[in-house]
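Peer 1: Sequence and computational prediction follow.
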Amino acid sequence: MQLSFHRCISCLCSVTLFLLTTASAQTATTSLGIFQDHGDVGTVLHPGSVEYDPARQSYTISGSGENMWFGQDDFHYLWKKVSGDVSLTADISFIGTTENNHRKAVLMIRQGLDGNAKSVDVARHGEGLTSLQYRDVAGADTQEVQSNVTAPTTIRIEKRGDYFYAFVSGKDGKLQPAGTATKLQLTEPFYVGIGVCSHDKNVTEKAIFSNVRLVSLPTATGKPILYSSLETITIASSDRRVAYVAPIHFEAPNWSRDGSFFLFNSEGRIQRLALNETEPTPVATDPQNRCNNDHGISPDGHSIAISCQSSSDPKSSIFTVPITGGTPQQITKNSPSYWHGWSPDGKTLAFTGERNGNFDIYTIPVAGGEETRLTKAEGLDDGPEYSPDGDYIYFNSERTGLMQIWRMKSDGSEQEQVLSDDTNDWFHHISPDGKWMVFLSYEKGVTGHPAEKDVMLQLMSMQDKKVRVLAKLFGGQGTINVPSWSPDSLKLAFVSYELLPEESAEPK
């Protein structure tokens with residue numbers, strides 16, 4: 001009997017231990033709300049923590065870590081393993097003040113829990129900066145696209161296939177596309193969650209994530225809506241920033257000679273957007289109101305060259321108009337003609353013209369006169385642009401089979417290939433200081449320069465001819481058709497595009 005009694009006590013203890021363990025596990029699971037687990041990613045000096053308030057459906061996360069940047073992330077992460085298309089939304093607020101306003105609260109999707117894993121996040125910084133950050137290869141440097149909305153209350157990250165989109169709340173509190181996106185392949189399952197990085201390894205910071213919603217997205221059935229984003233990119237860091245985003249089609253930014261505004265075309269009109277304004281205003285060019293994406297600013301900053309169809313000619317002709325707007329003056333007699341370059345002395349225009357079925361490079365005096373043909377090779381020659389010293393005209397040509405970058409003396413002599421690669425290269429633009437050339441690259445099998453393609457902005461050093469990828473984006477036609485360097489040669493303007501399902505694009 002004594003033996004049986006001890007056995008019963010032992011069994012009772014085992015059952016009690018099992019029940020306590022199960023209850024503890026259930027409490028731990030419940031305490032994380034919709035997420036599965038949490039922990040520090042990378043290297044931190046102070047362990048992070050999570051507090052979940054089920055009544056308010058909010059999470060208070062404390063996190064340390066030196067940074068979430070370059071090839072390594074150090075932060076505290078609350079996550080769930082998922083597959084398929086998802087969206088994660090939250091309201092974010094920081095607790096307390098800090099001397100380091102680079103602290104980050106993020107909505108993140110990442111391949112794994114290693115500090116150097118592939119990842120995409122929407123980061124809300126302590127100072128209000130909000131950006132889409134991504135690392136497309138394990139251990140690679142992080143890139144970012146900054147939103148033009150500061151300190152939004154609500155942010156969202158959305159994964160649809162291999163594309164990741166950022167959303168931010170506007171003044172009305174509704175979520176709208178931030179105009180920032182990237183393409184990145186993740187293997188399923190992956191991790192989705194929220195996290196905090198102090199950006200100072202010696203301290204811990206806290207942020208509250210409320211109204212957190214993690215949703216599995218069904219296959220989109222709505223009509224895709226095109227969003228255009230005017231972006232700038234800093235050459236030294238490759239950091240991008242959205243200047244203007246809208247659910248319309250616009251193209252081809254020029255950066256003004258004084259650096260204070262952009263010009264771009266939309267629906268046949270030339271639009272002007274000041275750096276400190278949120279909405280563009282039209283430049284008067286009537287009766288020429290069917291302008292295309294071949295336009296540019298004179299060296300003295302007083303005039304614009306525009307390429308437009310007219311009521312009397314359905315093909316494009318070149319006109320000049322005061323930069324403040326006015327009555328256009330027609331320069332070319334023959335059509336179609338598409339402007340691309342202005343000589344540094346302001347006296348000559350370089351353009352592409354189709355004559356008798358052949359596209360070649362021509363020049364013509366700004367004051368008017370006869371055009372001069374500079375190229376005669378078989379195949380398309382396009383995009384003529386003067387070097388800053390005026391000695392050369394750079395152009396792209398498919399005379400070798402692929403579209404490649406060439407140059408010639410300004411009189412058309414000494415035509416030579418500038419670089420040779422395995423992509424189709426278009427829309428080359430040399431920086432005002434003559435040190436760099438940017439160009440747009442399509443994959444080898446792409447014919448022409450179509451819109452809505454995965455493309456690359458590439459940057460070549462004019463000194464040693466070395467080329468590096470400046471940005472990968474969804475774009476093509478309309479992205480960088482015309483000169484768009486900042487006058488100090490430190491930045492570049494371009495247009496990227498998003499095709500968002502109707503379900504995602506509508507403000508929420």
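Peer 2: In hand now; what should we look at?
Peer 1: okay, CA-based contacts and neighbour counts for the rest of this
Peer 2: Fine.
Peer 1: could you pull out the helices for the protein?
Peer 2: 2-30, 502-505 (DSSP state H).
Peer 1: where among the ones you listed is the average confidence lowest?
Peer 2: Among the helices of the chain, helix 2-30 has the lowest mean pLDDT, at a mean of 39.
Peer 1: So T479 versus S496, what's the distance?
Peer 2: Distance, T479 to S496, using CA to CA, to the nearest Å: 6 Å.
Peer 1: What part of this protein, helix or strand, is modelled with the least confidence?
Peer 2: Taking mean pLDDT, DSSP states H and E as the measure, the helix or strand of the chain with the lowest value is helix 2-30, at a mean of 39.
Peer 1: Surely R399 and L380 touch.
Peer 2: Yes: using CA atoms under 8 Å, R399 is in contact with L380, at 7.1 Å.
Peer 1: More neighbours: the two, which one.
Peer 2: L380 (19 against 13; other CA atoms under 10 Å).
Peer 1: residue contacts, the more buried one?
Peer 2: Counting by CA atoms under 8 Å, 6 or more residues apart in numbering, L380 makes contact with N358, F359, D360, S397, E398, R399.
Peer 1: repeat that with 6 Å
Peer 2: Taking CA atoms under 6 Å, 6 or more residues apart in numbering, we find L380 in contact with F359, S397, E398.
Peer 1: What mean pLDDT does stretch 373-380 get?
Peer 2: Mean pLDDT, stretch 373-380: 93.
Peer 1: and if you look at stretch 262-269?
Peer 2: 97.
Peer 1: likewise stretch 156-173?
Peer 2: 95.
Peer 1: What of stretch 109-117?
Peer 2: On average, stretch 109-117 scores 98.
Peer 1: Repeat that for stretch 121-132.
Peer 2: For stretch 121-132, mean pLDDT rounds to 97.
Peer 1: Check what contacts it and list those residues.
Peer 2: Against stretch 121-132 from outside (CA under 6 Å, 6+ apart): 101-108, 133, 144-147, 150-151.
Peer 1: got the buried residues for it?
Peer 2: Neighbour-count burial for stretch 121-132 flags D121, V122, A123, R124, H125, G126, G128, L129, T130, S131, L132 (criterion: 16 or more other CA atoms under 10 Å).
Peer 1: Determine the longest strand present in the protein.
Peer 2: Longest strand in the chain, counting residues (DSSP state E): strand 205-216.
Peer 1: Contacts for that strand, please.
Peer 2: Strand 205-216 has contacts (CA under 6 Å, 6+ apart) with 57-63, 85-95, 198.
Peer 1: Domain parsing of this protein, as residue ranges.
Peer 2: Here the domain assignment for the chain is 36-216, 230-505, based on automatic domain parsing.
Peer 1: Run the chain-centre distance for the longest one.
Peer 2: What that stands for is domain 230-505. Offset of domain 230-505 from its chain centre (CA atoms, centre = their mean, to the nearest Å): 19 Å.
Peer 1: which residues in the stretch 51-200 of the chain form strands?
Peer 2: Secondary structure of the stretch 51-200 of the chain (DSSP state E, counting those that start in this stretch): strands at 58-63, 68-69, 72-73, 75-82, 86-95, 104-110, 119-125, 130-135, 143-146, 154-160, 163-169, 175-183, 190-197.
Peer 1: Distance to R290 for the ones you listed - can I get that in JSON lines?
Peer 2: JSON lines is the format used below for the strands of the stretch 51-200 of the chain (distance: least, CA to CA, whole Å):
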{"stretch": "strand 58-63", "distance to R290": "52"}
{"stretch": "strand 68-69", "distance to R290": "45"}
{"stretch": "strand 72-73", "distance to R290": "49"}
{"stretch": "strand 75-82", "distance to R290": "49"}
{"stretch": "strand 86-95", "distance to R290": "40"}
{"stretch": "strand 104-110", "distance to R290": "43"}
{"stretch": "strand 119-125", "distance to R290": "38"}
{"stretch": "strand 130-135", "distance to R290": "35"}
{"stretch": "strand 143-146", "distance to R290": "32"}
{"stretch": "strand 154-160", "distance to R290": "35"}
{"stretch": "strand 163-169", "distance to R290": "32"}
{"stretch": "strand 175-183", "distance to R290": "26"}
{"stretch": "strand 190-197", "distance to R290": "46"}
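Peer 1: just so I know, which of those lies nearest S49?
Peer 2: Across those, S49 has its closest neighbour in strand 58-63 (5.3 Å, CA to CA).
Peer 1: Tell me how far the closest one lies from the chain's centre.
Peer 2: With CA atoms, centre = their mean, you get 29 Å for strand 58-63.
Peer 1: Please name every helix or strand in contact with it.
Peer 2: strand 49-53, strand 205-216 (3 or more CA pairs under 6 Å, 6 or more residues apart in numbering; DSSP states H and E).
Peer 1: The last one pairs with which strands, parallel or anti?
Peer 2: When pairs are called by DSSP bridges, strand 205-216 turns out to pair with strand 58-63 (antiparallel), strand 86-95 (antiparallel).
Peer 1: With respect to burial, which of those scores highest?
Peer 2: Across those, averaging neighbours per residue (mean count of other CA atoms under 10 Å) puts strand 58-63 on top, at a mean of 25.
Peer 1: how about low-confidence regions in the stretch 301-450 of the chain?
Peer 2: Within the stretch 301-450 of the chain, no range satisfies pLDDT under 70.
Peer 1: one step back: redo the helices and strands packed on strand 58-63 as TSV? Include mean pLDDT, distance to W406 and mean neighbour count.
Peer 2: Output for the helices and strands packed on strand 58-63, formatted as TSV (pLDDT from 0 to 100; distance: least, CA to CA, whole Å; neighbours: other CA atoms under 10 Å):
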stretch	mean pLDDT	distance to W406	mean neighbour count
strand 49-53	97	58	17
strand 205-216	97	49	19
